[in-house]
Structures are given as structure tokens and as C-alpha cells.
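S.K.: I would like the atomic coordinates for the input below:
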Amino acid sequence: LEALDDHGKPPEAPLSYEAPTDAQTKRLASAWKGLSFIADLLDNDLCAKNFGADALTFLSSVAATAPDPLRALATFHVERLAIKWRDGFSFNVEEAEPPECADALCGIAALERCGVGHANLKLECRDYVAKTSKARGPDVFASSFLGANLSRPAQGTKDVTDAQRRMTRIKAATQALYHASYADRAGVHITHDESGVLKWIDGLKPYMPFAQLGWEGYVDQATLACAVVDIASNYGELRLRPSAFPDEYALLADVACMTRAIRKEDVHLAGAVVRALRSFGLEDDDGRVKRGCEYIMQAQTTEGDDSGGWPTRDKDTSSYAYFHAAASAVGALYAPLFRGFGPACGAPASDGFSACGAQLRSEKAMGFIAEQYAAGAAAGDEAWVSALKPGERACRRLAGLLKWHAAMQKRSIDDYDEGAPVRRRTRLR
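M.R.: Numbering: from 1, shown residues only. Take a look at the predicted model:
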């Protein structure tokens, strides 16, 4: 910590945050207090141990997307938490269960995003996954790791009449998506990756109306939709086209969704919905975003030990509930600084143009696309290439370029000194 060279003192809040006059400054001042509240929670070693990995993921996303000086405060806290969590986390390969491995991979992905080394922790997780998958079977291990059996269809509204069974599947889908995301981002192979979980979730669509679910079921469904947007936008870094996720946008952009969250005084849902709408490009002047932010600022606690935090769902008094409420609120109060266009997952977009955006695909998926593209190009079938949709053509060309780049990295200057000239392939349209 001494090597960080800031004397252990967080950045000071700007003077304008003490008595903000305009709406944007009020939002940022509220977010600043919320970040400070989260930092105070994480000063407790037990809190840092129990949900430090989740906090790392949240703080690193704020550090990557928030404007200054909010970014400076998030960076300060994420640096310290990263070192604290890494040095205090222990993973017992012999006694660990798959959910513990998922928690470890969550922290590993966040550490790598922060640029903090984690020594042998990833190797231990890889060994654990390989060993346990072999002992229990790949599908059985994946089901335990994800919390859902992807070998069986999720089943849509036509097949499921019991609302309770559907709610269980929705909750399992939300957990499965995040756990698959942790494994993908940490570079640890699980039988079902992120794109596989998203395809499985398609079985739960179209989303059901509020009248058929009730409040609890509706909250779980909206939470799943927010999770899909969260993962696809790489935690708010990439902007999404609504046409790429029509079901999620239709559910979350409905005015009734925000109205219900405010009437139920649910900061968790209101914050998640506002953050998702921002990922779709909605700005501060949008009515839904404006109403959500105003409610969040009005609901913030201003006195007592919980000053700077927010009330929790169902009056839950656990530390994690207070953290989650504050994280949901803070993530909604600032307009993210996008770094590109999504989706960031391997799921195909519904329209050809959004599929041309920046996509982060797994090594396995990129290799498969490259092989398909190379096979088609070798056959010299011009019609085959022309028949591809714009998005698929762009993805296949990108895969081919990445494969060529990897091959060039393995060559040295000596490879060009002697020998016959390299045969070049004619570039296709």
C-alpha cells in the first residue's frame, strides 16, 4: 500500500459537491457519498472477505466508466481492495465447492481488470476445474458451478404454467450468466460459456407481463434482463443498440417498470434499470432516467451510521444488502464514458448491423469462426462469401485477421532471409 504513494488518503470531494446547484453536480455528489459509504463497509475485514470479489467488480467498473473526480475515488479504493482481497483470500482445492470457485474467478477477473497480479490463484482454479470436472463429469460440474442445468431447455412461457417454477428458473439464469461471465473473463474453460448461457436464457423469452408474475416474480425477471445488459455492455463500458436486445429493452424501457420500482421503494431495481437504460444510450434528459435518479437521490440516507447509503429491499440488515443497494444506486447516478459498442459477449445480435460492433469472444469461439472462414475462402466460392450477413462477414474477417496476427507473432526476421517467397492468397470481397 505504501508503494501507491498517496499517503493512504482518498481524494477530497470538490467544493462544488458541498452545496451543488445544478442537477448533474447533485447526482455526482450523491454518488461520491455512496462510494465513500461502500469504502467504509469494506474497511471491515469480514465484509471484504465475504463480498470483496463483488465489490472489486463494481469498483473496477466505476473506475473504468465514471467521469473524474468520481473515477479517481473509485480507482483509489479499488487499488487497496484488490491488494487486500488478494492477500486475504484463500482457495482450498481439496475442499472447495464449485460456487467457491466462481467467487474466486470473479475476484481474478476483477484483479486482471485492475492490472493486479494474483500469483498462482488462477492456476489453482484451473486445476480445480479440470480435476472436479473429470471426477464428477463436465456437465454435472458445470451445473453445480453455474447453478443451472443447461443440458435441459429453460422452457418458455408456453411450457411453464407454474409461476413459482418459472421464478426459480429466472433466478438460476441470472446466477448462471454471471458465473459463466466470471469464467470467460478469467480465461478458465467451463463446458457452457457465456454465449451458451445466453442462448439458454432465450428459452425464458418473451418476458411475461406483471399481471402474470406479481411483484416478486417481476423483480426477478427485471433483474435477469438487467444482468443480460450488464454482461453484454461489459459492465457499462460498451454502448448497446436496443435492436440487439429487443426483449430486454422492451421490458426495462417501459415506463411502468420504473414506476413500480419507485412505488415499491426498491433502490436495487431502480438503480439497475437506470444503469441498463444508460447502456442503451439514454441520457440524463430522458424522463425514465431523470425520475430514477431523482428517486435515488431522495432515498439516500443523510444521518446516522448509514449516512451516504440507501435503504435495502425488504429491510434486509445484512452488510451485503447495504452494499448492493449502494452499488446499484451509484452505478445509476453518473453517465458512463463508453469505450466502444457492444455486445461484449458471443451471442449473435438480432440485426446485422449491431453484430458488426466490437465483440469480445472466447478463444474457442474465435478459433471456430476462423476455421470456417478459412475453409470457405480456400474453396474460392465467391457466392458463399457474398451470402453472409454484414455482421457475420465482419466477425469472420476479424477472426481471420486475429489468426494471421498470431501466426506473424511467431515468426522472426530469420524467416524472411531465405527460402521461397510466401504464396499470397487473393483477397475476397
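S.K.: what about the strands in the chain?
M.R.: Assigned by DSSP state E, the chain shows strands spanning 238-239, 340-341.
S.K.: Would you reformat those strands as JSON lines and include mean neighbour count?
M.R.: Bear in mind the C-beta positions are built from the backbone N, C-alpha and C, glycine included. JSON lines is the format used below for the strands of the chain (neighbours: other Cβ atoms under 10 Å):
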{"stretch": "strand 238-239", "mean neighbour count": "20"}
{"stretch": "strand 340-341", "mean neighbour count": "16"}
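S.K.: of all those, which lies closest to D316?
M.R.: strand 238-239 (31.6 Å; Cβ to Cβ).
S.K.: mind listing what that closest one pairs with, with the direction of each?
M.R.: strand 340-341 (parallel) (DSSP bridges).
S.K.: from the chain's centre, how far out does the strand it pairs with sit?
M.R.: 14 Å (Cα atoms, centre = their mean, to the nearest Å).
S.K.: Show me what the mean pLDDT comes to for it.
M.R.: The predicted model gives strand 340-341 an average pLDDT of 87.
S.K.: next one: stretch 193-206
M.R.: For stretch 193-206, the per-residue pLDDT averages 88.
S.K.: Can you give me the first-to-last residue distance of it?
M.R.: Length of stretch 193-206, first residue to last, Cα to Cα, to the nearest Å: 22 Å.
S.K.: What of stretch 310-322?
M.R.: Start-to-end, stretch 310-322 (Cα to Cα) is 7 Å.
S.K.: Could you do stretch 335-343 as well?
M.R.: 19 Å.
S.K.: So which bits of it are buried?
M.R.: Neighbour-count burial for stretch 335-343, counted by 16 or more other Cβ atoms under 10 Å, picks out A335, P336, F338, F341, G342, P343.
S.K.: What about the residues you listed, which are in helices?
M.R.: Among these, the subset assigned to helices under DSSP state H is empty.
S.K.: measure A332 to V62 for me?
M.R.: 11 Å (Cβ to Cβ, to the nearest Å).
S.K.: pLDDT weak spots in the stretch 301-429 of the chain?
M.R.: The stretch 301-429 of the chain contains residues with pLDDT under 70 at 344-397, 404-429.
S.K.: how near is F341 to D286?
M.R.: For F341, the distance to D286 - Cβ to Cβ - is 19 Å.
S.K.: and what of S233?
M.R.: 17 Å.
S.K.: ok, those two, which is more surrounded?
M.R.: S233 (28 against 16; other Cβ atoms under 10 Å).
S.K.: Help me confirm that the more buried one comes into contact with R241.
M.R.: No - assessed by Cβ atoms under 8 Å, S233 is found out of contact with R241, at 11.0 Å.
S.K.: now the helices for the stretch 1-150 of the chain?
M.R.: 23-42, 45-65, 70-88, 98-114, 121-136, 138-146 (DSSP state H, counting those that start in this stretch).
S.K.: what number of residues lie near T191?
M.R.: Applying other Cβ under 10 Å, we find 19 other residues in the vicinity of T191.
S.K.: mind putting the strands of the chain in CSV, distance to F37 included?
M.R.: CSV is the format used below for the strands of the chain (distance: least, Cβ to Cβ, whole Å):
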stretch, distance to F37
strand 238-239, 28
strand 340-341, 31
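S.K.: before we move on, the earlier item: among the helices of the stretch 1-150 of the chain, which is nearest A276?
M.R.: Going by Cβ to Cβ, the one of the helices of the stretch 1-150 of the chain nearest A276 is helix 45-65, 13.3 Å.
S.K.: and the closest one, average pLDDT?
M.R.: 92.
S.K.: Between helix 23-42 and it, find me the angle.
M.R.: Between helix 45-65 and helix 23-42, the angle comes out at 150 degrees (axes from the mean of the first three to the mean of the last three Cα atoms, to 10 degrees).
S.K.: So which elements touch helix 45-65?
M.R.: The contact analysis (3 or more Cβ pairs under 8 Å, 6 or more residues apart in numbering; DSSP states H and E) places helix 45-65 against helix 23-42, helix 70-88, helix 98-114, helix 319-333.
S.K.: Which residues outside the longest one are in contact with it?
M.R.: Okay, so that is helix 23-42. 10, 13, 16-18, 20, 47-48, 52, 55, 58-59, 62, 66-67, 69-70, 73-74, 77, 81, 284, 293, 296-297, 300, 306-310, 319, 322-323, 326-327, 329-330, 333-334 (Cβ atoms under 8 Å, 6 or more residues apart in numbering).
S.K.: can we see that at 7 Å?
M.R.: 13, 16-17, 20, 47-48, 52, 55, 70, 73-74, 77, 81, 284, 293, 297, 300, 308-309, 319, 322-323, 326-327, 329-330, 333-334 (Cβ atoms under 7 Å, 6 or more residues apart in numbering).
S.K.: Can you tell me which of those residues are buried?
M.R.: The buried subset of these (16+ other Cβ under 10 Å) comprises 13, 17, 47-48, 52, 55, 70, 73-74, 77, 81, 293, 297, 300, 308-309, 322-323, 326-327, 329-330, 333-334.
S.K.: where's D87 relative to C114, distance?
M.R.: 14 Å.
S.K.: residues touching the closest residue to V78 other than its chain neighbours, list them.
M.R.: Using Cβ to Cβ, 6 or more residues apart in numbering and skipping residues adjacent in sequence, the residue nearest V78 is L59, 3.9 Å away. The contact partners of L59, by Cβ under 7 Å, 6+ apart, come to A74, H77, V78, L81.
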